[in-house]
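[1] Just a sequence and a predicted model for now, questions to come.
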Amino acid sequence: MDDFLRELESLRKAIDEAMERAISGYPCDVPLIREAMAYASEGGKRLRGAIVLSTFESLGGRGDATPFALAIEMIQAYSLVHDDLPCMDDAEMRRGRPACHRKYGEAMGVLAGDALLTLAFETAATSDLPPYRVVEGIRALAYGAGAAGMVGGQVLDLGPGTDGSPGSASGAHLPGAEGSVTEAQVLGAAETGGTREASGSWPSLNDGADAVRLMYRLKTGKLFETAARLGAILAGAPGDIVRKAGEAGMSFGFAFQILDDIEDASQGGAEDQKDTLPKRISVEKAREEAAEALRRCKKLVTECGGPDFLLARLADYYLASKLGLAP
């Protein structure tokens with residue numbers, strides 16, 4: 001386990017250093033926006049970027065996937081900046097310090113997020129990997145971050161009011177008779193070329209717990225799915241491996257969000273107002289779902305080539321450290 005943690009820390013530092021170079025060296029005539037971008041992108045575990053790099057390497061990728069690791073971390077950073085805005089979660093703090101909009105103002109928070117999002121795709125496009133893989137990677141990144149993925153999840157999390165007041169991620173927040181919502185309404189934007197992106201089966205949205213599960217999959221799971229898919233796509237892996245890698249990432253992301261909400265609830269504070277799976281089904285049942293998702297993640301990664309992949313070891317680590325369970 002110590003070797004794994006050292007590897008994870010090494011990847012985090014490498015991504016941090018590359019991120020600092022990418023933003024500080026970006027040609028921009030307005031230093032303030034670059035400063036806000038740098039502030040917003042600092043910190044974090046860099047798990048999504050690490051999954052891109054490690055999956056790429058584990059599947060025999062040749063070359064450098066760093067531009068895509070940076071891109072997905074920039075998208076994660078932008079999403080947090082916008083999530084903290086007064087019109088959304090109205091968060092004062094992020095990672096132990098003032099949220100970007102609290103330090104630089106609300107308008108600059110919006111613009112810093114916008115700038116990180118656009119820089120993400122510019123950075124991905126600098127990759128010197130085979131062009132057709134780069135194009136497919138950019139497409140996967142856009143899909144996972146957009147309305148069919150992370151942004152769609154934010155809609156579920158936000159609530160129905162035009163004032164942007166936080167919601168409960170229940171079906172009542174979405175269009176439909178008497179506040180109900182159909183799976184087709186939520187996932188209609190998730191159709192690409194007649195087929196849905198590989199994320200496992202989506203839940204029925206018959207109750208609030210199902211809607212929370214869907215929100216977890218879209219808002220959090222989709223970027224983890226995208227990270228694993230990117231590593232496989234850029235390595236030139238066959239389609240079935242790309243699919244399984246993506247499903248593994250989704251399973252990990254789903255568990256990650258459950259465990260994050262359990263931890264937040266144990267600490268109290270503003271997060272108590274959010275609708276979460278532990279609240280809907282109990283902490284114990286939520287822990288069981290997280291464990292099941294982590295084990296499914298490891299099984300899928302093993303089918304991709306071996307249990308030594310970083311994503312499989314992440315699943316083992318979370319099973320042991322967060323749930324006290326044997327891998």
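    All right, it came through fine.
[2] Next, give phi and psi for Pro98.
    phi -60, psi 140 (degrees, to the nearest 10).
[3] pLDDT at the most centrally placed residue in the chain, what is it?
    Nearest to the geometric centre of the chain sits Leu223, at 3.3 Å (C-alpha atoms, centre = their mean). The per-residue pLDDT reported for Leu223 equals 98.
[4] so the closest residue to Leu259 other than its chain neighbours is in which element?
    Excluding the flanking residues, the one nearest Leu259 by C-beta to C-beta, 6 or more residues apart in numbering is Lys322, at 4.8 Å. In short, each C-beta sits where N, CA and C put it, glycine included. Secondary structure from DSSP states H and E places Lys322 in helix 310-323.
[5] List the buried residues for that helix?
    Within helix 310-323, the residues scored as buried using 16 or more other C-beta atoms under 10 Å are 310-319, 322-323.
[6] and Gly109, how many neighbours?
    Per other C-beta atoms under 10 Å, the neighbour tally for Gly109 reads 22.
[7] I'd like the mean pLDDT over stretch 144-159, please.
    Taken as a whole, stretch 144-159 has a mean pLDDT of 92.
[8] pLDDT averaged over the one helix or strand Thr123 maps to, what's the number?
    Using DSSP H and E, the element containing Thr123 is helix 106-124. In this model, helix 106-124 has a mean pLDDT of 98.
[9] Stretch 57-67 spans what distance, first to last residue?
    For stretch 57-67, the first-to-last residue distance is 14 Å (C-alpha to C-alpha, to the nearest Å).
[10] rewinding a little: so what does the helix holding Lys322 touch, helix or strand wise?
    Other helices and strands packing on helix 310-323, by 3 or more C-beta pairs under 8 Å, 6 or more residues apart in numbering; DSSP states H and E, are helix 2-24, helix 47-58, helix 239-267, helix 283-304.
[11] Buried residues in the shortest one, which are they?
    I take that to be helix 47-58. By neighbour count on 16+ other C-beta under 10 Å, the buried set for helix 47-58 is 47-56, 58.
[12] do the same with the third one
    By neighbour count with 16+ other C-beta under 10 Å, helix 239-267 contains the buried residues 241-262, 264-265.
[13] again, but for stretch 75-86
    Quick answer for stretch 75-86 (16+ other C-beta under 10 Å): 75-85.
[14] Equivalent analysis for stretch 119-137, please.
    Within stretch 119-137, judged by 16+ other C-beta under 10 Å, the buried ones are 119-120, 123-124, 127, 129, 133-134, 136-137.
[15] before we move on, back to that, out of the buried residues of helix 47-58, the closest to Tyr26 would be?
    Minimum distance to Tyr26 across the buried residues of helix 47-58 is 17.7 Å, recorded for Gly49 (C-beta to C-beta).
[16] Return the distance of the closest one relative to Asp29.
    28 Å (C-beta to C-beta, to the nearest Å).
[17] Same question for Gly96.
    Distance, Gly96 to Asp29, by C-beta to C-beta: 32 Å.
[18] Backbone dihedrals for Arg94, please?
    For Arg94, the backbone dihedrals (degrees, to the nearest 10) come out as phi -150, psi 120.
[19] Any stretches of the stretch 1-150 of the chain with poor pLDDT?
    Residues of the stretch 1-150 of the chain meeting the criterion pLDDT under 70: none.
[20] In contact with the residue nearest to Gly60 when sequence neighbours are not counted, which residues?
    Distances taken as C-beta to C-beta, 6+ apart put Ala235 closest to Gly60, at 5.9 Å, once the chain neighbours are dropped. Shown in contact with Ala235 (C-beta atoms under 8 Å, 6 or more residues apart in numbering): 55-57, 59-61, 65.
[21] for Ala115, same thing?
    When contacts are counted by C-beta under 8 Å, 6+ apart, Ala115 touches 33, 36-37.
[22] Which elements pack onto the one helix or strand Asp157 maps to?
    Assigned by DSSP H and E, Asp157 falls within helix 150-158. Using 3+ C-beta pairs under 8 Å, 6+ apart as the contact test, the elements touching helix 150-158 are helix 66-83, helix 208-216, helix 222-235.
[23] between that helix and helix 66-83, how many degrees?
    Angle, helix 150-158 to helix 66-83, by axes from the mean of the first three to the mean of the last three C-alpha atoms, to 10 degrees: 20 degrees.
[24] Using PDB, write out every CA atom in helix 150-158.
    Output in PDB follows, covering the C-alpha atoms of helix 150-158 (Å, rounded to 0.1, in the frame of the first residue of the first chain):
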ATOM      1  CA  MET A 150     -21.100  16.300 -15.800                       C
ATOM      2  CA  VAL A 151     -23.200  19.400 -16.700                       C
ATOM      3  CA  GLY A 152     -26.300  17.200 -16.800                       C
ATOM      4  CA  GLY A 153     -25.400  16.000 -13.400                       C
ATOM      5  CA  GLN A 154     -25.100  19.500 -12.200                       C
ATOM      6  CA  VAL A 155     -28.600  20.200 -13.500                       C
ATOM      7  CA  LEU A 156     -29.900  17.400 -11.400                       C
ATOM      8  CA  ASP A 157     -28.100  18.700  -8.400                       C
ATOM      9  CA  LEU A 158     -29.100  22.300  -8.800                       C
END
